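# I'll drop the sequence and a predicted model, then ask my questions.
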Amino acid sequence: MPSLRIEEVKEVAVIGAGDMGHGIVELCALNGYKVYLKDIDQKILGKAKKRIRESLNILERKGKLKDETIETVLGRIFLILDYEHSLENCQLAIEAVPEIMSLKKKIFSELDSKLPKSAIIATNTSNMSITELASQTNRSSQVVGMHFFNPVILMKTIEIIKGSNTSDETMKFTENFAYSLNKLPIPVLKDVPGFIVNRVQAPSSVLLNKTIEKKIATFSQIDANFRKIGQPMGPFELMDYVGLDIYKHGADYFAQKIHPEFKSPKWVNELITAGKLGKKTNHGIYDWS
Ligand code: CAA
């Protein structure tokens, strides 16, 4: 397959309209791409569009919309419940659904059957094997990890992860695509759980949880100290911000793939069972209401 050039990409698809998916769509539309946003629920799609509009309002107030209006940017976004013919001209699809391997695999098979043969399939997974996902397709050299950070619109970097069969051309293309979004790509050349950023953070999260369990310090004492040393958020604020459900998926994946000690602690599981997922539900470790 001849390698894809960034100039050939006009349309992209994003699968999953949650925290990450809606941010990725906003970013792509802001940078001139026509974007199809696919989800399984009209309400989730509606909420995503509302969040994008709110964010664009902030950018407009700050004069960061270049010469465009909010409506022009929103006009590039198409909400879909079924693929129908929408993928026919997409040269890139970015999967951003929950971190459930079986769900991601199903989506990869669907994308593989509907996208043009030359298209690249990226996953926004935070931790999971790119190689395993690629095995669902007949284009494993064109499957790549594209790990955005939350909030997508503000965070500067994207990890670009090479699966065992990802070609150098696909890596180059995806790095160029990240530059076209005004982001800094961080190439990750080994497909290991957690890639680089989450892999480096995971051990400290084990010790932080022990600090809580042994009552060495409280959540707010720890967070206050992190802020004092210049971090924008403390680690527990960040867990709430990203979502405790997302944290748990990552921790349990690490426990399964690396060491049982990474498993999500009991107190996180209890908060999740009580419906306290963090900022998005107004309650988590902290009260955000
Ligand atoms: N759209 C546009 N602008 C926005 C915005 C949005 N959705 N949200 C906030 N902003 C703007 C605000 O208006 C504000 O602008 P000014 O400074 O000009 O006033 C600016 O961004 C900062 O926002 P806030 O003042 O509300 O709050 P803050 O200073 O605490 O910054 C933050 C917010 C950028 C999220 C910062 O706290 C931060 O960097 N936190 C750490 C985030 C982080 O580490 N993310 C990675 C998580 S891990 C992950 O995502 C991957 C994974 O695998 C799970």
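Cool, got the structure.

# am I right that residue 212 sits in a helix?
Yes - the assignment for residue 212 (DSSP: H, G, I helix; E, B strand; the rest coil) places it in a helix.

# wait, doesn't it sit right on residue 267?
Yes - between residue 212 and residue 267 there is a contact under CB atoms under 8 Å: 7.2 Å. Heads up, the C-betas are built off the backbone N, CA and C, glycines and all.

# quick one: which of these two has more around it?
Of the pair residue 212 and residue 267, residue 212 is the one with more neighbours under other CB atoms under 10 Å, namely 17 against 13.

# tell me the contacts of that one?
Neighbouring residues of residue 212 by CB atoms under 8 Å, 6 or more residues apart in numbering: 218-219, 222, 265, 267.

# which pair in the residues you listed spans the largest distance?
218 and 265 (15.2 Å; CB to CB).

# those two: which has the busier surroundings?
residue 265 (17 against 12).

# what's the spacing between that one and residue 233?
For residue 265, the distance to residue 233 (CB to CB, to the nearest Å) stands at 20 Å.

# please apply the same query to residue 274.
23 Å.

# likewise for residue 31?
26 Å.

# check residue 128 too.
25 Å.

# of those two, who's got more company?
Each of residue 128 and residue 233 has its neighbours counted (other CB under 10 Å); residue 128 has more, 22 against 14.

# so the more buried one makes contact with residue 102?
No - Residue 128 lies out of contact with residue 102 (CB under 8 Å); the separation is 11.1 Å.

# on the three-state scheme, residue 67 is what?
Put simply, residue 67 is coil when judged by three-state DSSP.

# so what's the predicted local confidence for it?
Residue 67 is assigned a pLDDT of 86 by the prediction.

# residues touching it, list them.
By CB under 8 Å, 6+ apart, no residues touch residue 67.

# before we move on, back to that, of the contacts of residue 212, which is the nearest to the ligand?
Among the contacts of residue 212, residue 222 lies closest to the ligand (CB to the nearest ligand atom), at 15.2 Å.

# report the separation between the residue lying closest to residue 130 once chain neighbours are set aside and the ligand.
Take residue 130 and drop its neighbours on the chain: the residue closest to it by CB to CB, 6 or more residues apart in numbering is residue 163, 3.5 Å away. Counting by CB to the nearest ligand atom, to the nearest Å, the separation of residue 163 from the ligand is 17 Å.
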